[in-house]
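Peer 1: prediction below, plus the sequence it came from.
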Amino acid sequence: MKSAVIVFPGSNREGDVLRALKQAGSQVEKVWHAETELPKGTDLVVLPGGFSYGDYLRCGAIAGRATVMDAVRAHAARGGLVLGICNGFQILCESGLLPGILMRNANLKFICHRQFLRVERNDTAFTRAYAKGQAIDVCVAHGEGNYTADEDTLKRLEGEGRVAFRYCDAQGHVTPDANRNGSMNSIAGIYSEKLNVLGMMPHPENLIEDLVGGTDGRGLFESLVSSFPRAA
Amino acid sequence: MKARVTVTLKNGVLDPQGKAIEGALKSLGVEGISGVRQGKVFDIELETSDKAKAEAALKAACEKLLANTVIENYRVEIA
């Protein structure tokens, strides 16, 4: 399996996600935002976290219109897999690949802590290594993660089973206290219509080693890699 | 030619920054303010002196980048 991690000016989590992908068994290449094409044979595109373009204008707004995003859109339209984490999720929303927007956290604070997520479904390329309803222990670090969409969009996302993860407590209960950024319906991540694009605010790539406190993030990368036959 | 684009949040979209500013004004003793909504202003210089062309360029700028029309409205004024 081949992954391409897109790097924008101001990305800063590309190293973490590269490590997580390699650990799961993927080949990985970094791709600069000004490129017009993805490396040949790219199976998965990852938009990493960070502060692309210093969050100028709106988070992800300028990166969402970068040259390479045309190639990413074409990849997604062919059914190719795309994963956006944190700023990557904001970029996916701004580029039109996912609906809605990430607004300033309801409490106006940058939040940075460990966070449980409930896996809403485990029949997608991103989550097959998890159990449905499992509470996974990852972390969040963002100031603009308050998922917001109009009523129709929200209804469609819920109706089509496109909510990937919700903020929950350690027992998997979706409670108002667990939803620290104020997201509508406690949404932490959503899928595109064809379930091949996933955007999520939390960082699974940071919980892949016992040494740093947990390995619940590994499942996401292992799911992705297991979707492809292993290169000889 | 010069233009000013104003981008504001749509009605009903929660504006925590506006709320925080409103609270700060209250705590400063500024009276008579019943609501604050924060927006953005862009002062833009245009190469053209043709008003129709300028309007078309500014509309494209707003739709493509300056405003996220999911949550924001924009207003264009040409000087």
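Peer 2: Right, received. Where do you want to start? Numbers count the residues shown, from 1 in each chain, chains lettered A, B, ... in the order given.

Peer 1: hey, let's count contacts and neighbours off CA atoms from now on
Peer 2: Noted.

Peer 1: ok, the closest residue to residue A:20 other than its chain neighbours - contacts?
Peer 2: Distances taken as C-alpha to C-alpha, 6 or more residues apart in numbering or on different chains put residue A:205 closest to residue A:20, at 5.6 Å, once the chain neighbours are dropped. Residue A:205 sits next to A:16, A:17, A:20, A:217, A:218 when contact means C-alpha atoms under 8 Å, 6 or more residues apart in numbering or on different chains.

Peer 1: verify the stated contact: residue A:148 with residue A:184.
Peer 2: Yes. Using C-alpha atoms under 8 Å, residue A:148 is in contact with residue A:184, at 5.9 Å.

Peer 1: can you give me the strands for chain B?
Peer 2: B:2-9, B:39-45, B:72-78 (DSSP state E).

Peer 1: and residue A:48, how many residues sit next to it?
Peer 2: Counted with other C-alpha atoms under 10 Å in any protein chain shown, the neighbours of residue A:48 add up to 29.

Peer 1: what does residue B:48 give?
Peer 2: Count around residue B:48 with other C-alpha under 10 Å applied: 12.

Peer 1: quick one: it and residue B:54 touch, right?
Peer 2: Yes. When contacts are counted by C-alpha under 8 Å, residue B:48 is listed as touching residue B:54 (6.5 Å).

Peer 1: for residue B:29, give me its contacts.
Peer 2: Residue B:29 neighbours (C-alpha under 8 Å, 6+ apart): none.

Peer 1: what's stretch B:32-43 in contact with?
Peer 2: B:2-9, B:15, B:17-19, B:21-22, B:26.

Peer 1: tell me the pLDDT at the residue of chain B found nearest chain A?
Peer 2: Chain A sits closest to residue B:16 of chain B, with a gap of 6.4 Å, by C-alpha to the nearest C-alpha. What the model reports as pLDDT for residue B:16 is 82.

Peer 1: enumerate every residue touching it.
Peer 2: Per C-alpha under 8 Å, 6+ apart, neighbours of residue B:16: A:104, A:106, A:107, A:108.

Peer 1: list the buried residues in the helix or strand harbouring residue A:19.
Peer 2: Per DSSP states H and E, residue A:19 falls inside helix A:14-24. For helix A:14-24, the neighbour count (16 or more other C-alpha atoms under 10 Å in any protein chain shown) marks A:14, A:16, A:17, A:18, A:19, A:20, A:21, A:24 as buried.

Peer 1: quick one on the thing from earlier: closest to chain B among the contacts of residue A:205?
Peer 2: residue A:17 (28.2 Å).

Peer 1: quick one: the helices in chain B, in order.
Peer 2: B:16-27, B:51-61 (DSSP state H).

Peer 1: just the C-alpha atoms of stretch A:181-189, please, in PDB.
Peer 2: Only the C-alpha atoms of stretch A:181-189 are listed here, as PDB (Å, rounded to 0.1, in the frame of the first residue of the first chain):
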ATOM      1  CA  ASN A 181     -15.600  21.700  21.700                       C
ATOM      2  CA  GLY A 182     -19.400  21.900  21.300                       C
ATOM      3  CA  SER A 183     -19.700  20.000  18.100                       C
ATOM      4  CA  MET A 184     -23.200  19.300  16.800                       C
ATOM      5  CA  ASN A 185     -24.300  15.800  17.700                       C
ATOM      6  CA  SER A 186     -20.900  15.300  19.400                       C
ATOM      7  CA  ILE A 187     -19.400  14.700  15.900                       C
ATOM      8  CA  ALA A 188     -15.600  14.100  16.000                       C
ATOM      9  CA  GLY A 189     -15.300  12.700  12.400                       C
END
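
Peer 1: return the distance of it from the chain's centre.
Peer 2: On the basis of C-alpha atoms, centre = their mean, to the nearest Å, stretch A:181-189 sits 14 Å off its chain's mean C-alpha point.

Peer 1: what comes into contact with it?
Peer 2: A:105-107, A:111, A:117, A:144-149, A:163-167, A:174, A:176, A:179, A:198-202.

Peer 1: what about 7 Å?
Peer 2: Defining contact as C-alpha atoms under 7 Å, 6 or more residues apart in numbering or on different chains, one finds that stretch A:181-189 is touched by A:105-107, A:145-148, A:163-167, A:179, A:198-202.

Peer 1: and the closest residue to residue A:95 other than its chain neighbours, what are its phi and psi?
Peer 2: In this structure, residue A:95 finds its nearest non-sequential neighbour in residue A:64, 4.4 Å apart by C-alpha to C-alpha, 6+ apart. The phi and psi values for residue A:64, taken as degrees, to the nearest 10, are phi -60, psi -20.

Peer 1: enumerate the residues of chain A near chain B.
Peer 2: By C-alpha under 7 Å from any C-alpha of the partner chain, the residues of chain A that approach chain B are A:100, A:106, A:108.
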